[in-house]
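Chemist: Turn this into a structure:
(one chain, ligands or ions: 1)
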Amino acid sequence: MIISKHLLGLEGVQREEISLILKTAHSFKEVLTRPIPKVPTLRGKTIVNLFFEASTRTRISFELAEKRLSADSINFTTSGSSVAKGETLKDTVRNIEAMKIDMVVIRHQASGAAHFLTQCLDAGVINAGDGQHEHPTQGLLDMMTLQEKFGRLHGLKVAIVGDITHSRVARSNIHGLMTMGAAVAICGPATLLPRDIPAAFGKDLLVFKKVDEAIQWADAVNVLRLQLERQKHGLLPSLREYAMHFGITRRRLEAAKKDVVIMHPGPINRGVELESDLADSEFSVILNQVTNGVAVRMAVLYLKSGGEQEVVNGNGL
Ligand code: CP
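Modeler: Below is the predicted model of the structure:
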């Protein structure tokens, strides 16, 4: 299989490539349980993590994934860099590439920033979240977590609840899950749903107006963070009202009388989109998602650096 050296989003990525990334991630997860959780796979490669926007999980797990693969990692954050003096994104990355690097991981507040870098650089570009567009490694780690829990993605019913319009996590999950044959639904206030859903995601995406109906339907509920920093004013009457109508609570799960897996990409607004106790309950796989983030990012870095399936299945690990 020929795969692109970039990962900009899950829209348009073939089922075979997603399956290969997930299979490779499951292999790397085994590596992470070893007494010395490190392989020499990317020795000699240099990867730069460019984070123009805040991150805990994604930034640390990319850095950890690079170290577990024996790559050299460089971390860039806006504060303390010449971006503060007005240097452009293009100049910043071209100067970094001039120091001979192999791959760039970028998080940026502008949708399309990762794609823009592919026009400026020869290095591979991995999107770690760009504005409201996509967060492909989050979509992949969510799919890996669902595979572990249910043993399959095909036919699984996944409801994504909350602020769909502003969510790159929702976009990557919808594209990835639908490609893998899952049934996907969205649910949220009308002001936080995309205007033309069939045009954006195709006619198979289901929409629930009531969160209780979404829970009743779903095998897993992926609860999104309310992205207050990206929202215009006036989209919600109040956080209290949002929590009352769309917050996921134990009472709602019990009323549905079925086991539902609860996911959240983090960071959680506890007590708003998700009841605090439920986030830490037997229903939650939120920390499994975080653990799987390291394995998924190892798989992406490895495959996008030219790694081959045979190496994953053979002696390379
Ligand atoms: N899920 C996620 O992207 O979290 P961070 O913003 O902490 O990286």
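Chemist: Near the ligand, which residues of the stretch 151-300 of the chain? Just list them.
Modeler: Listed as neighbours of the ligand in the stretch 151-300 of the chain under the rule CB under 6 Å from any ligand atom: 265-267. C-beta coordinates here come from the backbone N, C-alpha and C atoms, glycine included.
Chemist: residues in contact with L7?
Modeler: L7 sits next to 13, 125-127, 136-137, 300, 304 when contact means CB atoms under 8 Å, 6 or more residues apart in numbering.
Chemist: which one of those residues is nearest A159?
Modeler: Distance from A159 was checked for each of those by CB to CB. The minimum falls on P136, at 20.4 Å.
Chemist: Please state the backbone phi and psi of I248?
Modeler: Backbone dihedrals for I248, given as degrees, to the nearest 10, come out at phi -90, psi 120.
Chemist: Any idea how many residues pack against it?
Modeler: Around I248 there are 25 other residues, counting by other CB atoms under 10 Å.
Chemist: so it bridges to which residues?
Modeler: Listed by DSSP bridges, the beta-bridge partners for I248 are L274.
Chemist: So it sits against V161, correct?
Modeler: Yes - contact criterion CB atoms under 8 Å: I248 and V161 qualify, at 6.6 Å.
Chemist: what is in contact with those two at once?
Modeler: Both I248 and V161 are in contact with 211, 221, 223, 273, where contact means CB under 8 Å, 6+ apart.
Chemist: in this protein, which residue is closest to the centre?
Modeler: In the chain, the residue lying closest to the centroid (CA atoms, centre = their mean) is Q138, at 1.2 Å.
Chemist: and that residue, that's in a helix?
Modeler: Yes - Q138 sits within a helix when classified using DSSP: H, G, I helix; E, B strand; the rest coil.
Chemist: wouldn't it be in contact with G129 here?
Modeler: Yes - the criterion here is CB under 8 Å, and Q138 meets it with G129 at 7.2 Å.
Chemist: In the protein, which helix is the longest?
Modeler: Identified as the longest helix of the chain according to DSSP state H is helix 286-304.
Chemist: Report the contact partners of A255.
Modeler: Under the criterion of CB under 8 Å, 6+ apart, the contact partners of A255 comprise D212.
Chemist: can you redo the shared contacts of I248 and V161 as TSV with pLDDT, neighbour count and secondary structure?
Modeler: TSV is the format used below for these (pLDDT from 0 to 100; neighbours: other CB atoms under 10 Å; DSSP: H, G, I helix; E, B strand; the rest coil):
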residue	pLDDT	neighbour count	secondary structure
V211	97	21	helix
V221	98	28	strand
V223	98	26	strand
E273	96	23	coil
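Chemist: which secondary structure element contains G129?
Modeler: In the assignment (DSSP states H and E), G129 maps to strand 124-130.
Chemist: same for that strand, what does it pack against?
Modeler: Using 3 or more CB pairs under 8 Å, 6 or more residues apart in numbering; DSSP states H and E as the contact criterion, the elements in contact with strand 124-130 are helix 57-68, strand 103-108, helix 113-120, helix 136-150, helix 286-304.
Chemist: Low-confidence stretches in the stretch 201-317 of the chain?
Modeler: Flagging of the stretch 201-317 of the chain using pLDDT under 70 yields the residue ranges 230-232, 308-317.
Chemist: from it, which residue is nearest to the ligand?
Modeler: P265 (3.8 Å; CB to the nearest ligand atom).
Chemist: one step back: pLDDT (mean, whole number) over the strand holding G129?
Modeler: Mean pLDDT, computed over strand 124-130, is 98.
Chemist: and what of stretch 59-67?
Modeler: Here stretch 59-67 scores 98 as its mean pLDDT.
Chemist: Tell me which residues of that stretch come out buried.
Modeler: 59, 61-67 (16 or more other CB atoms under 10 Å).
Chemist: Looking at those, which is nearest E241?
Modeler: Here the nearest of the buried residues of stretch 59-67 to E241, counting by CB to CB, is R59; it sits at 33.2 Å.
Chemist: how close does that closest one sit to T118?
Modeler: R59 sits 21 Å away from T118, taking CB to CB, to the nearest Å as the criterion.
Chemist: Also L253?
Modeler: L253 is 43 Å from T118, by CB to CB.
Chemist: what about those two, which has more around it?
Modeler: A count of neighbours by other CB under 10 Å puts L253 above the other of L253 and T118, at 20 against 17.
Chemist: OK, contacts around the more buried one?
Modeler: The neighbourhood of L253, defined by CB under 8 Å, 6+ apart, consists of 215, 260, 262, 278, 283.
Chemist: mind listing which of the residues you listed are in strands?
Modeler: Applying DSSP state E to the contacts of L253, the entries found in strands are I262.
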